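Enquirer: sequence and predicted structure, then a few things I'm wondering about:
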Amino acid sequence: MQWKPAIQMRRWHRWATVFIALPFLVVLVSGVLLQVKKEFDWIQPPTQQGVGGVPQLSFEEILTITRRAEHAGITHWSDIDRLDVRPDKGIVKVRGTNHWEVQIDTQTGAVLHVAKRRSGLIESLHDGSWFHERAKLWIFLPSALLVFALWGTGLYLFVLPYWVRWKKPRRPRVEADGVRPARLPE
């Protein structure tokens, strides 16, 4: 039995697609949401503008001010995931482990904005870590490699008919009346 690459690739292409359908859908939808995260306040709160540029607050003052933002539910340093200092905007974003964000003016200490930040959740869906830390390496990485292989086989299957047509010897042209045009002497 002769190996026919086009038939094998179609078969492989079809089954690989079944395997990666769900992980690829999760990556696709979450990727689209991450692309537009700054366009929708629901995904990522808009960055506010503070008064000054050089931060004047100490870490303890930042924690004290953040505690006053009741909705955020941040009371200790263990509740804080990260501090995002934006000197050009004059703010510090305090991101809680509960996905709440408090934006504080680094000059005056005023709370400029308190909102839920969903982009971190969407990022963890995108890389697979939301499901389990090992899902990144055992499900999402193989799926990404299969998507790359699907791209390659799909490109091969797309180009193949054109390649075959190009390699085929050309037949002489026949006019509508069934008569071949006369060849000119060389």
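Expert: Great, that's in hand.
Enquirer: off-centre distance for the host helix or strand of Ala115?
Expert: Using DSSP states H and E, Ala115 falls within strand 111-116. In this view, strand 111-116 has its centroid 26 Å away from the chain centroid, taken as CA atoms, centre = their mean, to the nearest Å.
Enquirer: now that strand: mean pLDDT?
Expert: Throughout strand 111-116, pLDDT has a mean value of 94.
Enquirer: what's it packed up against?
Expert: Applying 3 or more CB pairs under 8 Å, 6 or more residues apart in numbering; DSSP states H and E, one finds that strand 111-116 contacts strand 100-105. Using the backbone N, CA and C atoms, a C-beta is placed for each residue, glycine as well.
Enquirer: just to revisit the earlier point, and after the strand holding Ala115, which helix or strand comes next?
Expert: According to DSSP H and E, the helix or strand after strand 111-116 is helix 119-127.
Enquirer: taking strand 100-105 as reference, get the angle to the strand holding Ala115.
Expert: The directions of strand 111-116 and strand 100-105 differ by 170 degrees, with axes from the mean of the first three to the mean of the last three CA atoms, to 10 degrees as the criterion.
Enquirer: contacts for strand 111-116, please.
Expert: For strand 111-116, contacts defined as CB atoms under 8 Å, 6 or more residues apart in numbering pick out 41, 45-46, 48, 50, 65, 68-69, 71-72, 91, 99-105.
Enquirer: all helices for this structure, in order.
Expert: 5-35, 59-68, 119-127, 135, 141-167 (DSSP state H).
Enquirer: show residues contacting the shortest one.
Expert: It refers to helix 135. Gly128, Ser129.
Enquirer: for Arg117, which residues are in contact?
Expert: Neighbour list for Arg117: Gln44, Pro45, Arg95, His99, Trp100, Glu101 [criterion: CB under 8 Å, 6+ apart].
Enquirer: state the pair within those residues that is farthest apart.
Expert: Greatest spacing in these, by CB to CB: Gln44 and Trp100 (12.5 Å).
Enquirer: before we move on, the earlier item: now that you've got the contacts of strand 111-116, can you turn the buried subset into something I can paste into ChimeraX?
Expert: Selection of buried members from these for ChimeraX, criterion 16 or more other CB atoms under 10 Å:
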select :45,48,50,65,69,72,91,100,101,102,103,104,105
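Enquirer: what mean pLDDT would you report for stretch 49-57?
Expert: Averaging pLDDT along stretch 49-57 yields 85.
Enquirer: in it, what's buried?
Expert: For stretch 49-57, by 16+ other CB under 10 Å, it's Gly50, Pro55, Leu57.
Enquirer: and if you look at stretch 59-76?
Expert: Here stretch 59-76 shows Ile62, Leu63, Ile65, Thr66, Ala69, Ala72, Ile74 as buried, counting by 16+ other CB under 10 Å.
Enquirer: quick one: low-confidence parts of this structure?
Expert: Applying pLDDT under 70 to the chain flags the ranges 1-3, 172-186.
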